[in-house]
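[1] give me the fold of what follows.
(2 chains)
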Amino acid sequence: MILAFVGIDSGSEVLQALVNGVINGCAYGLLAVGFALILSVTGRFHFAYAFTYALAAFLAAVLERVYGLPLLPAAAAGLAAAAVVGVACDTVVYRPLAERAGSGAMLAVFVASLGIVIAGENALSLAWGPGPRNLTGIGSRSINVAGTTFTTLDVISVVVSVGLSGALWLLLGRSGFGREIKAVRANVQMSTAIGIDVNRIHTAVFIIGSLLGGVAALLYGLKYAASPDMGENAVFYALIVTFLAVSSSSPLRLLAVGVGVGLVERTAGIWLSPQLSTGVVFVLLLAFLSHRSLRLALGGRSLSIGAGRRWRALRGVAG
Amino acid sequence: MTYWIDVLNQALIFGVFALSLNLLMGFAGQVSIAHAAFGAVGGYLAGYLAQEHGWAFGPALALGVTAALLFGLIVSLPALRLAGEYLILLTLSVQIITLVVITSISALGGLQGLAAIPGISLFGSVLLTPQDFLKLLVPVLVLVFLLMRRIAGSPAGRVLRGIREDELATQSLGKDVFAYKSQVFAITAGLAGLGGVLLVYYNGVVAPGMFGFSVSMTIIVMVIVGGSANLYGTLVGTALVVASGPFFQKVIDLSLDKSSLAQLLAYGVALVVVLRFRPQGLLPEGVTPGALAGRMRRRPPAPIAKRAERAVPRTAHAAGAVPARVLEVRGLTKSFGGIRAVEGLDFSLERGQITGLIGPNGAGKTTVFNLLTGALRPDHGTVLLRGRDITGLPPHKIARAGMVRSFQDVRTFAQLSALENVMMGVAGQRGERMSVVLTPVPLGPSDRRTRQRALEWLDFVGLADRAHEPAGSMAFGEQKLVALARVLATEAEVLLLDEPASGVDKRWSDHMIEHIARLPEAGRTVCIVEHNLHVVQQLAQKICFMHEGSVTAEGTMAELSGQERLQEAYFGSMV
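    Model prediction:
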């Protein structure tokens, strides 16, 4: 009765929405873990994450369907390609750009990154056609629990997302290499001073980030299909989760925020069309940004947020 | 032939989008990925009114543009305090949400859009062929170009470029940065709306794909490839981008779907290549047909009478009934988290005196400047400027009230010339008001006066012959002098100079000291923060010693240097 009043047909509909929310949310979380690692450590607004994401899954699908490779080698090739392109983005494009652009580096890198996405997506489409391609190779059965339905693939996807986020968390927290990454994230000058090769760390971070994104893409491709433009939506979710969670937070927190976003989106989907429930997630981001802006206005700071980095950079130059 | 006229028409329409985005992004430095969404607001509204309610072109256009303008104004509100990646995210969300909302409104045709937009009748004849549309689109693009050129070339445009270079420095010179940002967002969104309306009428349909994320990206490509902050470059960039489709179709002879993919591939590659190898774009900022012609017969900068002893340019400071204590600060307090950076600070500046504010690192000197000039809001305490309470006012209001600061790290506008930097300081320029710029009055005469005034100040610091060099390419010491001239040009009575002589070699610092020492004769009241006690001793009549957030001693250098406490704080215990 009450449920009907608020527009819900049955309790199991809500339960199903929650289950779907967690499943999708883990994928969003994994996406964000890769994106946030790159953003927080290198400072690069790597929008071309959309392209390395699509490349991993689409190339794997092409290798599997067109060239008849088994899933595992195809997936490995896709991931390797994503990592190579991710590193190339940094070394060939971002790094020289950032060195020259100085305080305007963020914007220059972002716009160049947009260029890479546009070029990359369309190069894939020209080579193998723009249509979606299925990845197969993992059989998937549906599972029914307490009136909800999901598949074995969904379970694998959740386990992989949690596992990889946890692995990165361990790497950052427990290993010497992870501590070097965190040192670069905290302070580049100091890291250089104590002998850390910052470029090596950047390369490592681009490899790890691209691989994490690539795995998320493969899981998506197995569940639905892979297409050259699949990365755009993915990177939007990565952005939303990253900024809601703050990019330098731990992988586990990013994963949790990802699940939160998935839950919000799916519960909104009970009342709204799928189209509008995607919009809800962006409204969440808009609200978050407006809130930050408002808080700054009330706090009496005269400097825009985001301009702070430029300010610090200038102070650094001035000595 | 008709085919190529159709291409030209598309270029004309996208020119409207790209020119306006360049004002926002290239000149004012505000990134927007929502430009197509503003076009959608205008285009959808006009299309809907025309198709479903039979509105004529004129009123539909007017309402579409107004709606886009208002939408831009609303979006600008959260955007005011966001920069960098946050601004990108905000405009990205606006782009996505706008399209999601539009496609979910069934009256607007959902994902299909509206496909029966009536034609435009202009002066009694209906525009049908691409040739007919030229009569409308050419004048529109010319008007938009002239409008953008007027804004960009006006004193208001100079302020916009200042905001791009350094927001805080612009604010500190008395410019209302937030108002400018709102205005430029609104104006450019309105023009994007205009582009949207034209696009819808020209195609006879309106659909979500016409205004999607990729369209926003395409407009950015036009601006960046052509040249950021160069309107002629934008025309070139737009023409290249629009013509690339037909190029692949007709010249390379690809099929329709392949050619559109190849076109996008080319955009992307062009964007990366241009940023990588020619980041300023095909036509860099400041390169115009006029400037190219002018290079051949360049006149020397307006002559200035060379004087052996340069007088301090006059400023109008009515002494009158103003108290001798120009600035009075009582109980100023500011904490950051648990740290009290400034605590119960009492301090005053006497008219026509130079006061030195000294103290060890971390004593809170720069924080005091930030509090006095409104860059930070104090927790407690009052600041009285000439008897008027200015506590908590925003920086631009404090600057206009007569107190202006310089920065330790100079904060010159790197891509503006030394002269333009100083012109930014000149107060009370009519042409800085957007409302004046948007009315057809000549701006030249008053800007020439501003230029003359700025040249006098630049001459005062001895840099008149370097007036046309970009400030960013000058030596650090020279930049400090430019920054001093900029502060002086505001004609503010009270000047707060943050380490004016630090970080520069002796030649420049002597130069600087000489200039500052002569300011009181022009009725200026000066407070300097300086580490170099030698400099302070030479300049300051009164010295305030700051320690742990408050002034603990006051007097002349001779009086203070005898005090053990000061020596301890500065040099550590000697014993």
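[2] report the buried residues of the longest helix along chain A.
    For chain A, the helix with the greatest residue count under DSSP state H is helix A:11-42. Of all the residues in helix A:11-42, those buried under the rule 16 or more other Cβ atoms under 10 Å in any protein chain shown are A:14, A:16-42. For every residue, glycine as well, the C-beta is placed using N, CA and C.
[3] restrict the residues you listed to contacts with chain B.
    With Cβ under 8 Å from any Cβ of the partner chain as the criterion, these include A:Leu39 near chain B.
[4] around chain A, pick out the residues from the stretch 401-550 of chain B.
    Near chain A, when you scan the stretch 401-550 of chain B using Cβ under 8 Å from any Cβ, you find B:Gln408, B:Asp409, B:Val410, B:Arg411, B:Phe476, B:Gly503.
[5] write the ChimeraX selection for whichever of those residues are buried.
    Of these, the buried ones can be selected in ChimeraX as follows, counting by 16+ other Cβ under 10 Å:
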select /B:408,409,410,411,476,503
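[6] of the residues of the stretch 401-550 of chain B next to chain A, just say which sits nearest to chain A.
    Distance to chain A, by Cβ to the nearest Cβ, is smallest for B:Asp409 among these, at 3.3 Å.
[7] could you list the low-confidence segments of chain B?
    B:294-323, B:564-575 (pLDDT under 70).
[8] quick one: the strands in it?
    Remark: strands assigned in chain B by DSSP state E are B:120-122, B:125-127, B:325-336, B:339-350, B:354-358, B:380-385, B:388-389, B:403-405, B:494-498, B:525-529, B:542-547, B:550-555.
[9] can you report how many residues lie near B:Gly190?
    Using other Cβ atoms under 10 Å in any protein chain shown, the number of residues around B:Gly190 comes to 23.
[10] over to A:Val264?
    17.
[11] touching, it and A:Gly279? I think so.
    No. Using Cβ atoms under 8 Å as the test, A:Val264 is too far from A:Gly279 to be in contact (11.6 Å).
[12] who does the longest helix of chain A touch, helix- and strand-wise?
    The contact analysis (3 or more Cβ pairs under 8 Å, 6 or more residues apart in numbering or on different chains; DSSP states H and E) places helix A:11-42 against helix A:49-65, strand A:148-151, helix A:152-174, helix A:176-186, helix A:198-223, helix A:230-245, helix A:251-271.
[13] do that again at 6 Å, thanks
    On a contact count with 3 or more Cβ pairs under 6 Å, 6 or more residues apart in numbering or on different chains; DSSP states H and E, helix A:11-42 meets strand A:148-151, helix A:152-174, helix A:176-186, helix A:198-223, helix A:230-245, helix A:251-271.
[14] now do the buried residues in the fourth one.
    For helix A:198-223, a neighbour-count test (16+ other Cβ under 10 Å) marks A:198, A:201-223 as buried.
[15] could I get the full set of helices for the stretch 201-350 of chain B?
    Counting by DSSP state H, counting those that start in this stretch, the stretch 201-350 of chain B has these helices, from start to end: B:213-226, B:231-246, B:256-277, B:289-296.
[16] in the longest one, what counts as buried?
    For helix B:256-277, a neighbour-count test (16+ other Cβ under 10 Å) marks B:259-272, B:274-276 as buried.
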